[in-house]
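>>> Pasting the sequence and the predicted model now:
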Amino acid sequence: MISRLPPQDTVLHFLRDNELLAENEPLLVGVSGGPDSTCLLYILAEIRDTYKLRLHVAHLNHMLRGTESDADAKYVLAQANQLNIPVIMESRDIRSYQSQRKLSLEDAARKVRYAFFARVALSVKANNILLAHTADDQVETVLMNLIRGTGLTGLRGMRAISPLTLPDGTTIQIVRPMLQVRKADIEAYCEAKRIFPRIDSSNHWHNQFRNQVRLQLIPLLRQYNSDIDTTILRAARTIEADVDYLEKEATNLWGSVVKEQPDGGISINRSRFGELHPSMKRHIIRSALQRLLGDLQNIESVHIESLLDILGKPAGKSLSLPRGLMFHGDYGQGIITSKGTISCPFPELNNEYKLSIPGETLIPGWRIKATVHKNHPIETNGRKIKAYFDYNATGNQLAVRQRKRGDRFQPLGMEQEKKLQDFMVDVKIPKDWRDRIPIVYSPQHILWVVGWRIDHRVRVVPTTKQVLELEFEFV
């Protein structure tokens, strides 16, 4: 919501309420030289002595506006010197970075800027980075996220306090103490204090998405609702409360539904995941992606929905995700990893093993249950490694082994046999997995590529008298 207090009172109350005024605690302030960050800097300078704050200024020259950008840097240096606050400055060629990473200009600037803040925070041992985002910025952010396509987390906008993972793995806080302050109030503060901040000409570049939202969309929306800013901020705050609750519930499920893998990936138990409410599923996925990436930049609702969709499909499905992530699902679990290959969850198969039919067979890593039904099973659970066969077609002389060179079978639904190698390529079974996939076979031919496809010739048909059920369970 929008504060009715002067900016200095709003900032002070925020810092007090969130216990950010610890004596001699370093506070890093990001200052661009514009009205918002300059206002924040002066407010902090006002209360520095009272609360014994150790302030540090960080300024990044984005090199986007030539001499104007250089003048911004000189201005920040002059203000910091006048206030007797140490300042760390750096210049980066954002356009070059943008071109190399194929990002939007805003995304490129943000990535470079936050990386710079992280390095400076480490150097001055600051646990908090204070940024001057305002209520107006929040309105723009929510609308931009909505237009791009987002879930609830995007609609809540920027958080007043959010984590930032540093290069050494530690986490510090991004603090936005002016999210309830309007820019008009900031301008009034600067005028009253006779502070003359820099004006960024790029704020009027009409080819920038944020500027288009600010200069064109919001004025249009105000024609329909003169208080649209307050309406959007109220909605964002309500959504934030809902998201916070869902995220806490998702955290409670960590370890039972989702687990971190030793190789750095994250596995999702498909059976337990399938029992969750769709809203909780989305938050589980979002939490998993955030743990892998450190943030959710470039992760949009379409990626979350794609993962939800693929987790509900049969095994063997893969999905490429932004920022080098990859998903692959088998019948028991789905794995998200940032590596090019995904470790196979199946144990090694070094021998051939005869199956007890009916009965139970224990082999290294597996318990195999065989049941013969007189009637067709009423229900099949696609999340278990289970399959059904015409018992008259399979017989009871079955065994399991790993694949062999030259193996062929007739995948369900096909009229002709196919090389097993070609089948594995077609269904995108990772190369490193292929020798571990159990192959159930009879003296005549392969019956089942376990977890993927049975042979068409042993399928259950209307004339089937007895049904053989085989189930593979990890042990």
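Looks like it came in fine.

>>> So residue 174: helix, strand or coil?
Under DSSP: H, G, I helix; E, B strand; the rest coil, residue 174 falls in the strand class.

>>> Now residue 118: phi and psi?
Phi and psi for residue 118, reported as degrees, to the nearest 10, are phi -60, psi -40.

>>> so it sits right up against residue 168, yeah?
No. Checked against Cβ atoms under 8 Å, the pair residue 118 and residue 168 is beyond contact range at 9.4 Å. Every residue, glycine included, has its C-beta placed from N, CA and C.

>>> With neighbour numbers in mind, choose between the two.
residue 118 (21 against 7; other Cβ atoms under 10 Å).

>>> now residue 155: how far from residue 251?
Residue 155 sits 21 Å away from residue 251, going by Cβ to Cβ, to the nearest Å.

>>> Among these two, which residue is more densely surrounded?
Applying other Cβ under 10 Å to residue 155 and residue 251 shows that residue 155 carries more neighbours, namely 20 against 13.

>>> Quick one: residues contacting the more buried one.
Each residue near residue 155 by Cβ atoms under 8 Å, 6 or more residues apart in numbering is listed here: 142, 145, 146, 235, 236, 239.

>>> Apply 6 Å and report the result again.
By Cβ atoms under 6 Å, 6 or more residues apart in numbering, the contact set of residue 155 is residue 239.

>>> go on, residue 63?
Counting by Cβ under 6 Å, 6+ apart, residue 63 makes contact with 69, 91, 93.

>>> Please identify the helix or strand for the residue most central in space within the chain.
The residue lying closest to the centre of the chain (Cα atoms, centre = their mean) is residue 289, at 3.2 Å. For residue 289, the host element (DSSP states H and E) is helix 278-293.

>>> can you give me the helices in the stretch 51-200 of the chain?
67-82, 94-101, 105-124, 135-148, 152-155, 183-192 (DSSP state H, counting those that start in this stretch).

>>> Enumerate the positions of the first one that are buried.
Just to be clear, that refers to helix 67-82. 69, 72, 73, 75, 76, 77, 79, 80 (16 or more other Cβ atoms under 10 Å).

>>> and if you look at the fourth one?
Neighbour-count burial for helix 135-148 flags 135, 136, 137, 138, 139, 140, 141, 142, 143, 144, 145 (criterion: 16+ other Cβ under 10 Å).

>>> Can you give me the domain assignment for this protein?
Following automatic domain parsing, one gets these domains for the chain: 7-238, 253-337, 353-474.

>>> Turn these into CSV, including distance to residue 347 and mean pLDDT.
Below are the domains of the chain laid out as CSV (distance: least, Cβ to Cβ, whole Å; pLDDT from 0 to 100):
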stretch, distance to residue 347, mean pLDDT
domain 7-238, 32, 92
domain 253-337, 12, 81
domain 353-474, 3, 89
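
>>> could those domains go into TSV alongside distance to residue 246?
As requested, the domains of the chain are exported to TSV (distance: least, Cβ to Cβ, whole Å):
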stretch	distance to residue 246
domain 7-238	8
domain 253-337	5
domain 353-474	23
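
>>> Quick one: residues in contact with the helix holding residue 289.
Under Cβ under 6 Å, 6+ apart, the answer for helix 278-293 is 246-247, 250, 258, 266, 296, 299, 304, 307-308, 323, 336, 338.

>>> Just grab the bridge partners of residue 56 for me.
residue 28 (DSSP bridges).

>>> burial of it, as a residue count?
Neighbour count of residue 56, defined by other Cβ under 10 Å: 21.

>>> That one contacts residue 28, doesn't it?
Yes. Contact criterion Cβ atoms under 6 Å: residue 56 and residue 28 qualify, at 4.9 Å.

>>> how much space between the spatially closest residue to residue 231 that is not a sequence neighbour and residue 232?
In this structure, residue 231 finds its nearest non-sequential neighbour in residue 225, 6.0 Å apart by Cβ to Cβ, 6 or more residues apart in numbering. Distance of residue 225 to residue 232, computed by Cβ to Cβ: 9 Å.

>>> Tell me which of the two has more neighbours.
Neighbour count, other Cβ under 10 Å: between residue 225 and residue 232, residue 232 has more, with 23 against 11.

>>> For the stretch 301-450 of the chain, just list every one of the strands.
Secondary structure of the stretch 301-450 of the chain, counting by DSSP state E, counting those that start in this stretch: strands at 318-320, 326-329, 333-337, 353-354, 359-363, 366-373, 385-390, 399-401, 408-409, 418-419, 439-441, 446-449.

>>> Out of those, the one nearest residue 42 is which?
Closest of the strands of the stretch 301-450 of the chain to residue 42 is strand 333-337, at 45.3 Å (criterion: Cβ to Cβ).

>>> Now the element after the lengthiest helix in the chain, going C-ward?
In the chain, assigned by DSSP state H, the helix with the most residues is helix 228-252. Later in the chain than helix 228-252, the nearest helix or strand by DSSP H and E is strand 258-260.

>>> Who are the packing partners of the following helix or strand past that next one?
Counting by DSSP H and E, the element after strand 258-260 in chain order, helix or strand, is strand 266-269. For strand 266-269, the elements it packs on are strand 258-260, strand 333-337, judged by 3 or more Cβ pairs under 6 Å, 6 or more residues apart in numbering; DSSP states H and E.

>>> count of residues packed around residue 295?
Residues lying near residue 295 (other Cβ under 10 Å) number 15.

>>> State the helix or strand in which it lies.
Using DSSP H and E, no helix or strand contains residue 295.

>>> who touches it in this structure?
Listed by Cβ under 6 Å, 6+ apart, the contact set of residue 295 is empty.

>>> again, 10 Å this time
111, 114, 162, 163, 164, 165, 289, 323 (Cβ atoms under 10 Å, 6 or more residues apart in numbering).

>>> repeat for residue 33
Counting by Cβ under 10 Å, 6+ apart, residue 33 has contacts 41, 59, 61, 69, 71-79, 197-200.

>>> do residue 109 as well
Contact analysis of residue 109 by Cβ under 10 Å, 6+ apart lists 60, 62, 64, 92, 94, 95, 97, 98, 103, 202.

>>> Over to residue 232?
Here residue 232 is in contact with 135, 138-143, 146, 155, 157, 218, 221, 225 (Cβ under 10 Å, 6+ apart).

>>> Fine by me, we can end here.
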